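Asker: Any chance you could fold what I've pasted below:
(one chain, ligands or ions: 2)
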Amino acid sequence: MKQPIVGVIGGSGLYDMEGLTDVCEVSLDTPFGAPSDVFVTGVLDGVKMVFLPRHGRGHRLLPSEVPYRANIHGMKQLGVDRIISVSAVGSMREQIVPGHIVIPDQFFDRTQGKRNGSFFGDGIVGHVQFADPVCPDLSRLLAASARAVGATVHEGGTYLCIEGPNFSTRAESKIYRSWGVDIIGMTNIPEARLAREAEICYGTVALATDYDCWHEGHDDVSVDAVIAIIQKNVATARRIIREAVGSLVSRPGCSCGEALRYAIMTAPDAIAADTREKLDLLIGKYL
Ligand SMILES: CSC[C@H]1O[C@H](OP(=O)(O)O)[C@H](O)[C@@H]1O
Ligand SMILES: Nc1ncnc2[nH]cnc12
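Answerer: Ligands and ions are numbered 1, 2, ... in the order given. Below is the predicted model of the structure:
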């Protein structure tokens with residue numbers, strides 16, 4: 001049975017993985033361009049790991065500039081079957097206090113079309129199911145792991161993804177709250193879509209860093225406030241990952257690994273050879 005290979009995509013404040021043994025830096029290219037940075041591979045408590053800082057080391061890439069397709073394709077090339085995303089988010093609810101952990105189970109897309117959230121196109125059409133955008137098994141494990149390390153964790157919740165890079169206006173923030181969202185960030189939606197198309201389980205550990213700008217009793221979100229909370233809590237995120245990795249089972253019950261089985265609309269003989277080659281790693285087994 002295939003042993004799990006766990007990918008971690010580190011967000012704001014998480015630019016490396018501690019505790020890995022057999023560490024290697026892997027620089028790779030993809031049919032979708034260059035990833036955010038080199039991938040760091042290694043072993044954590046006996047489990048193979050692949051780490052990538054989403055914004056690159058030194059935090060060089062805007063949320064809209066992150067090469068999401070290359071990042072997920074690179075993870076797939078390295079055999080990753082589960083991705084843990086770590087992200088800083090604003091809280092849209094009083095009870096989600098900065099420092100708390102949220103494991104979202106829904107996303108709401110408010111990006112503005114500047115990112116490519118699909119591997120399909122160029123003569124091949126596919127539509128994956130996305131009603132439940134995160135892996136339920138991985139997310140349950142992440143929530144249990146967060147509890148196990150003593151974090152205050154909110155299991156479930158809707159992550160609203162804005163384009164950024166600026167934070168929201170107060171009017172936007174109040175309207176988003178009226179929509180019933182729980183947290184706000186700028187990065188997770190294209191990743192989750194692409195991970196589903198790549199048949200990789202995806203789950204998010206969201207660290208609440210601020211109350212955005214809707215809360216009259218708190219300062220409006222600013223980078224220095226976000227960084228201060230992340231610095232206090234990044235160790236918790238690392239402990240959650242370690243705890244989760246230690247409890248992984250090799251075969252989850254979810255259907256993420258078969259997301260493309262009924263998704264491809266294009267007749268196999270209508271797919272051009274170069275498109276077929278470009279997508280071979282993702283769809284080859286179905287053609
Ligand atoms: C530094 S606050 C805004 C920034 O932080 C979040 O990034 P990530 O999801 O990579 O942790 C948010 O989405 C913004 O990109
Ligand atoms: N308030 C906020 N809005 C968008 N992204 C964020 N990341 C952290 N806090 C955020």
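Asker: contacts, neighbours, all on C-alpha from now
Answerer: Fine.
Asker: From ligand 2, how far off is the residue nearest the centre of the chain?
Answerer: With distances taken as C-alpha atoms, centre = their mean, S85 lies nearest the centre of the chain, 3.7 Å away. S85 sits 14 Å away from ligand 2, going by C-alpha to the nearest ligand atom, to the nearest Å.
Asker: For my notes, confirm that residue occurs in a strand.
Answerer: Yes - counting by DSSP: H, G, I helix; E, B strand; the rest coil, S85 is found in a strand.
Asker: and it, what is it in contact with?
Answerer: By C-alpha atoms under 8 Å, 6 or more residues apart in numbering, the contact set of S85 is 8-11, 188, 202-205.
Asker: Run through the bridge partners of it.
Answerer: Taking DSSP bridges as the rule, S85 bridges to I9, T204.
Asker: Show me where the stretch 51-200 of the chain has its helices.
Answerer: Taking DSSP state H, counting those that start in this stretch, the helices of the stretch 51-200 of the chain run over residues 68-77, 136-148, 170-178, 188-197.
Asker: Which one of the ones you listed lies nearest to ligand 2?
Answerer: helix 170-178 (8.7 Å; C-alpha to the nearest ligand atom).
Asker: Can you list the buried residues in that closest one?
Answerer: By neighbour count on 16 or more other C-alpha atoms under 10 Å, the buried set for helix 170-178 is 173-174, 176-177.
Asker: In CSV, list these along with pLDDT and distance to G157.
Answerer: Shown next, in CSV, are the buried residues of helix 170-178 (pLDDT from 0 to 100; distance: C-alpha to C-alpha, whole Å):
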residue, pLDDT, distance to G157
S173, 98, 16
K174, 98, 17
Y176, 98, 13
R177, 98, 12
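Asker: Once you drop chain neighbours, what's closest to T152?
Answerer: Nearest residue to T152 in three dimensions, chain neighbours excluded: H100, at 5.2 Å (C-alpha to C-alpha, 6 or more residues apart in numbering).
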